[in-house]
Each structure stands twice: as C-alpha cells, then as structure tokens.
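Novice: What follows is a predicted protein model with its sequence.
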Amino acid sequence: MINTQIEQSKTISFSLLSFLINLMQLTKIRLSFSIVFSSIAGYFLGADKIDFFILLLLSIGGYFMAGASSIFNQLIEREKDGLMDRTKNRPLPSNRMSNSMAIILGIILSLVGTFFLYSINLETAFFSIISILIYTCIYTPLKTVTPLSVFVGAFPGAIPFMLGWVAATGEFGIEPGILFMIQFFWQFPHFWAIGWMMDDDYKKAGFKMLPSGKRDNASAFQIVFYTLWTIIISLTPVISYSGNLSLSLPAASLIIVLGFFFLFFSLKLMQIKDKLSAKKLMGFSIVYITSLQIIYVIDKFL
C-alpha cells in the first residue's frame, strides 16, 4: 500500500514537472522574460514614484501576454516547427502536449494577462492586446509569404519598452514613442542575424526571413543600415526634443561605445557573410539592447 502511494506520488511529481517544462517551452521563457525586462525598464523611465504593486502586475501580466503570443504562434506553426531541427522537439510537434491543451493555456494566459494589465490602466491592456493580434494574426502567417513579415513583427516586438512607460503614466506621447522606435529598429539587425544563422532551417518550413531572401550583400547591407538607425535613435534623448525622456552626455558616451561594437559586428557580417559572424552579431545585439535599457534607467536616477 505504502509503495503504491510512493509510486503514485512520483508519477504525479513527474507529470507536473513535465507539464511545467512544456509550459516554459511553449511560452518561450527566455524571450518572455526579456519582454518583461523591457517593460520594467520602460516603467522605471516613466514613473515619478515606483509602485511595486503596479510593477508586479506589469511583470506577471506582461509575461502571460508574451507567453500567450508564443503559444498561439506555435499552434499555427506546429507542422512547420516539426520540419526544422531547431523546433522539432517543441511540445506540439513532438506530441508531448495536445493542441487542445495548448489552446486552453493560450486563452487562460491571454485573459488573465489582460486582466492584470487592465488593472494598471486601459492603455496598457489595449497595447498588449494589439501586440498579440498583430503577432498572431498578421506576422505569423506572413512568415511564409514575404520577408516583410519581419517589418510587421517589429511592431509588436517594439511595444514592451514603451508599454512600461504607458503603465507608469497612462499616456502615449513622444517619450514612449522614442522607446518604441529604439526597439523597433533594433529588431531588424537582431532578427536578420538569426535569420542568417538559421536560413537553411527556415527554408525547410518555407519561412522567408532575410530581406533579400538570401545570405547576400543586399541582406547584409540592410542589417548595417538598420544598425546605424538603431544607434542614432538611441541617442535621441540627448537633445531637447524628447519630452521628459532625457539622457546625459556620460550615458550617451556609453551608448556610443555600445553602438560602435554593434556596428562593428554588423560590418563584419557584411564583409565575411558567414554564420559565425551572424551569431556574434545576434549575441551582441542582445547585449546592446539590455545594456541600453540599464543605462537609461541608471542615468535617470543618478
């Protein structure tokens, strides 16, 4: 009797652990955490006084909404994910989780996430819902149709940084607009670097991710071009036309140093055109946006 209870307890524990692992993969935990990080940075920049309860609502609600987007994305792409080495072991193509369970989880996360963000203010919930709709209903289907899908996907991808400001102020103006533009332009070199690395895998599923459709000079030039614009827009708060969003000269100097390396890796990819250069660019692009957000926040409070 005791042995049976122990075995049942082990089975339940294993099932729960498996479910949590599948849920983390479905919600793309690292991506979702990076989205929450951007929202928190935006909140700190917009808030006159830090309200930790609102910060908690923003963090949980933001994660749930980002996770729901990922779940709906994987539901739509489950067959294509099964064709690619990078994604074939995800819960849906590997049949570790049923489609119906994924749909239920996506709906629950969407509803709860919306409730949490609406508890902050209507504007925060509105932008989050728009983000899910664009990501799921427009960006995801376009990935097999045109490279312009990256342009469409950059809109929901740019919302988190500005969302934090909107959560703090309840308003959309020049300040969250600049935060939006920074993350909007940053996504092109970042995702095209990933597209360059995974181009062979993406083609198995019919995804068109590189701007020219190939690993060529045209795609590499676009990456350099958007890297330059990312750096320029990142320095916009130095001037006096950015409302309440400001950046000191020492902080701007740090952004310039980061921008130099960002541009260096972009130019290196254009010169060599290999996967290793794309991987280095992708890695530093994450360093760039994370460091930029930290610098912005620290600069505000110093």
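Specialist: Received, thanks. It should be emphasised that the depicted structure is a prediction, and the values quoted were computed from it without experimental measurement. Numbers count the residues shown, from 1 in each chain.

Novice: ok, the closest residue to S246 other than its chain neighbours - how many residues close by?
Specialist: Computed as CB to CB, 6 or more residues apart in numbering, the closest residue to S246 that is not its neighbour in sequence is P237, at 5.4 Å. C-beta coordinates here come from the backbone N, C-alpha and C atoms, glycine included. As a burial measure, the neighbour count of P237 was computed by other CB atoms under 10 Å and equals 26.

Novice: hang on, isn't P237 packed against L247?
Specialist: Yes. Counting by CB atoms under 8 Å, a contact exists between P237 and L247, whose distance comes to 3.8 Å.

Novice: how close does the residue nearest to S246 get to S149?
Specialist: The spacing between P237 and S149, counted by CB to CB, to the nearest Å, is 30 Å.

Novice: for S291, same thing?
Specialist: Summarising the geometry, the distance separating S291 from S149, computed by CB to CB, is 28 Å.

Novice: if you count what's nearby, which of those two comes out ahead?
Specialist: Regarding S291 and S149, a neighbour count based on other CB under 10 Å identifies S149 as having more, with 20 against 15.

Novice: still on that earlier bit, now for the residue nearest to S246: which residues touch it?
Specialist: I178, L245, S246, L247, Y296 (CB atoms under 8 Å, 6 or more residues apart in numbering).

Novice: can you list the domains in the protein?
Specialist: Taking automatic domain parsing as the domain assignment, the ranges for the chain are 25-171, 173-302.

Novice: Now do the phi/psi pair for the spatially closest residue to K214 that is not a sequence neighbour.
Specialist: In space, not counting the residues next to it along the chain, K214 is nearest to D199; the distance is 7.9 Å by CB to CB, 6+ apart. Torsion angles at D199 (phi, psi; degrees, to the nearest 10) stand at phi -60, psi -40.

Novice: And for T27?
Specialist: When quoted as degrees, to the nearest 10, the phi and psi of T27 stand at phi -90, psi 0.

Novice: what is in contact with P237 and L247 at once?
Specialist: Y296.

Novice: Run through the neighbouring helices and strands of the longest helix along the chain.
Specialist: For the chain, the longest helix by residue count, based on DSSP state H, is helix 275-301. When contacts are defined as 3 or more CB pairs under 8 Å, 6 or more residues apart in numbering; DSSP states H and E, helix 275-301 sits against helix 29-46, helix 174-197, helix 217-234, helix 249-272.

Novice: again, only this time at 7 Å
Specialist: helix 29-46, helix 174-197, helix 249-272 (3 or more CB pairs under 7 Å, 6 or more residues apart in numbering; DSSP states H and E).

Novice: Just send these back as JSON lines, with mean neighbour count and mean pLDDT too.
Specialist: Supplementary listing: those in JSON lines, determined by neighbours: other CB atoms under 10 Å; pLDDT from 0 to 100:
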{"stretch": "helix 29-46", "mean neighbour count": "21", "mean pLDDT": "95"}
{"stretch": "helix 174-197", "mean neighbour count": "23", "mean pLDDT": "96"}
{"stretch": "helix 249-272", "mean neighbour count": "17", "mean pLDDT": "97"}
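
Novice: So for G164, which of those sits nearest?
Specialist: Proximity of the helices and strands packed on helix 275-301 to G164 was assessed by CB to CB; the nearest stretch is helix 29-46, lying at 2.5 Å.

Novice: Need the contact partners of the helix or strand following the closest one.
Specialist: Next in sequence after helix 29-46, counting helices and strands by DSSP states H and E, comes helix 52-76. Contact with helix 52-76 is made by 26-28, 31-32, 35-36, 39-40, 43, 81, 90, 92, 99, 102-103, 105-106, 109-110, 112-113, 116-117, 119-120, 128, 132, 135-136, 140, 160, 164, 167, as judged by CB atoms under 7 Å, 6 or more residues apart in numbering.

Novice: So which of the residues you listed are in helices?
Specialist: Short answer: the contacts of helix 52-76 in helices (DSSP H) are 26, 31-32, 35-36, 39-40, 43, 81, 99, 102-103, 105-106, 109-110, 112-113, 116-117, 119-120, 128, 132, 140, 160, 164, 167.
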